[in-house]
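A.B. asks: Have a look at this fold, sequence not included:
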């Protein structure tokens, strides 16, 4: 199966499920449900759910869209959490982003109050879905993994340090913490959740968790590099927007060359972690996709 | 056991547990953990956890502080959700309350960004705690109940309608929806969670859930009445603050006398629902406490 076909088909499957899980806009309070839907369906690439599917199908030993239907709730939960984090991150008091993927961000479109509450509701929806997993032991394990990724020691912690660090001089360790938690934590959760749903051994889970963590760090460094030297097309946002908002970037702290080397090393390490696994082609593709963004 | 002694001892037990579950302020990111703790320990009356304990001990047939230790996580989860909702409600774009129980609200003390993220982290912490319940079927059931109470069809829905209705003419049905969801939903969850943890029959759960719902509605109407005619001491906030912020109140829609009658009827109904249950003294006390606030 072609990689493009894999991404397209899993994306399509996911979109349908996301739609099914969200209350219709006709349901009271309509404004809140409209805001939730607006942010979930704003053209996201669905990287976290697809990484989850790809990991699960690698462990399964075959790509079979019928066999992943039972794990769809987990994929949707990942996307709802990711969307909630974007809504809250964009708020005026946090990153103050008025646009997201070329469209008005949630608080610009629906007002700040509704945006805050829509984020809260999506966090809640993510967990609600996970309680529907038949195997209760797996359901609890999944909720624990997702919660840890969201928590004050995960995504929320990373976002806090990020916002409190802007306009301040920070060192590379702080920036690494931000990357690790803001992006890494949820990607890690994606592969770990696949392992739990499949019933993989603990050592496989640890390897794939580290694979995703390295991938997340590499992604962030490449994003920082593109912010310095990239174009709108590759970056999907105005280049220089991080440096303009006085956020520390990897290149601003260690230089462009060292940043590139670091990204390459992380990608090499990620690849090495999975190179001996069977049916690893889509996971390898994730590594390659990030490599190709490197200028 | 005296009612005061019951409240004091359960409160003390709860405070210790809340402290144990929250990350210490010395843990990175310190600011976030300080904000979470500041809001959790701001002198709240802990009504939801105590209603939960009281319901559980009524079902148990005895007041025994050792027997409730195993359900403490559920009580803490209720309080974390309640605190998260207060932090987000107080935000400038929602209720814009600069004070909470005479102290600066979370966003005034820690900044808006940290307050939003502290609310998110407390919502997450609440669910995390529930995954620790040994009986996995009960754990899942508890998470479902709490999630429904938080969701866009619960507390978050109520808060959305509340904020979107301010400065607008609303009818009594909309105000009823706000009360039902904003306050009623979490009180209902408190009694339902007690029933699940005890293993009560479905019909007992429904009765106690309705009891809590009526109690919540009565509480809100009394609050609205006091906002009109009360004093700072009874209300715990500046009287007239709701009417000043152009929020519709029960008396403003149906008049003071009809509001009083409605509150009395709800309290009578609540009492009737539990009057034949054994060991109901603390639950009766909840009804009486609200009745005593009526001017």
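C.D. replies: Noted; the coordinates are in hand. The model shown is predicted, which means the values in this text are computed figures rather than measured ones.
A.B. asks: list the contacts for the residue nearest to the spatial centre of chain A?
C.D. replies: Most central in chain A under Cα atoms, centre = their mean is residue A:48, positioned 4.7 Å from the mean C-alpha point. Counting by Cβ atoms under 8 Å, 6 or more residues apart in numbering or on different chains, residue A:48 touches A:78, A:79, A:82, A:186, A:187, A:190. Heads up, the C-betas are built off the backbone N, CA and C, glycines and all.
A.B. asks: doesn't residue A:181 make contact with residue A:161?
C.D. replies: Yes. Here residue A:161 reaches residue A:181: they are 7.4 Å apart, a contact under Cβ atoms under 8 Å.
A.B. asks: Check what pLDDT the residue nearest to the centre of chain A gets.
C.D. replies: Residue A:48 is assigned 98 on the pLDDT scale.
A.B. asks: rewinding a little: show me which pair in the contacts of residue A:48 is furthest apart.
C.D. replies: Farthest-apart pair in the contacts of residue A:48 is A:79 and A:187; separation 12.7 Å (Cβ to Cβ).
A.B. asks: about what we covered before: can you tell me which of the contacts of residue A:48 has the most neighbours?
C.D. replies: Neighbour tally across those (other Cβ atoms under 10 Å in any protein chain shown): the maximum, 30 neighbours, falls on residue A:190.
A.B. asks: Correct me if wrong: that residue contacts residue A:49.
C.D. replies: Yes. At 7.4 Å, residue A:190 and residue A:49 qualify as touching, with contact defined as Cβ under 8 Å.
A.B. asks: and for these two, which residues touch both?
C.D. replies: By Cβ under 8 Å, 6+ apart, the residues touching both residue A:190 and residue A:49 are residue A:78.
A.B. asks: from memory residue A:92 sits against residue A:107, does it?
C.D. replies: Yes. Using Cβ under 8 Å, residue A:92 is in contact with residue A:107, at 6.9 Å.
A.B. asks: The two: who's more crowded?
C.D. replies: residue A:107 (25 against 17).
A.B. asks: Now do the longest helix along chain A, average pLDDT.
C.D. replies: Across chain A, the longest stretch assigned as helix under DSSP state H is helix A:202-229. Helix A:202-229 carries an average pLDDT of 95.
A.B. asks: show me where chain A has strands.
C.D. replies: For chain A, applying DSSP state E gives strands covering A:99-100, A:103-104.
A.B. asks: Out of those, the one nearest chain B is which?
C.D. replies: Chain B sits nearest to strand A:103-104 of all the strands of chain A, at 16.1 Å, using Cβ to the nearest Cβ.
A.B. asks: List the neighbouring strands of the closest one plus their orientation.
C.D. replies: In the sheet, strand A:103-104 lines up against strand A:99-100 (antiparallel) (DSSP bridges).
A.B. asks: residues making contact with the partner strand?
C.D. replies: Residues from elsewhere that reach strand A:99-100, judged by Cβ under 8 Å, 6+ apart: A:39, A:42, A:86, A:90, A:105, A:106, A:108, A:237.
A.B. asks: The third one contacts residue A:39, correct?
C.D. replies: Just to be clear, that refers to residue A:86. Yes. Between residue A:86 and residue A:39 there is a contact at 6.9 Å, judged by Cβ under 8 Å.
A.B. asks: who has more neighbours, the two?
C.D. replies: For residue A:86 versus residue A:39, the count of surrounding residues by other Cβ under 10 Å is larger for residue A:39: 26 against 21.
A.B. asks: Count the residues that sit near the residue lying closest to residue A:152 once chain neighbours are set aside.
C.D. replies: Nearest residue to residue A:152 in three dimensions, chain neighbours excluded: residue B:121, at 4.2 Å (Cβ to Cβ, 6 or more residues apart in numbering or on different chains). Using other Cβ under 10 Å, residue B:121 has 31 neighbouring residues.
A.B. asks: Wait, residue B:121 touches residue B:34, no?
C.D. replies: No. The pair residue B:121 / residue B:34 is not scored as a contact, 11.7 Å apart, by Cβ under 8 Å.
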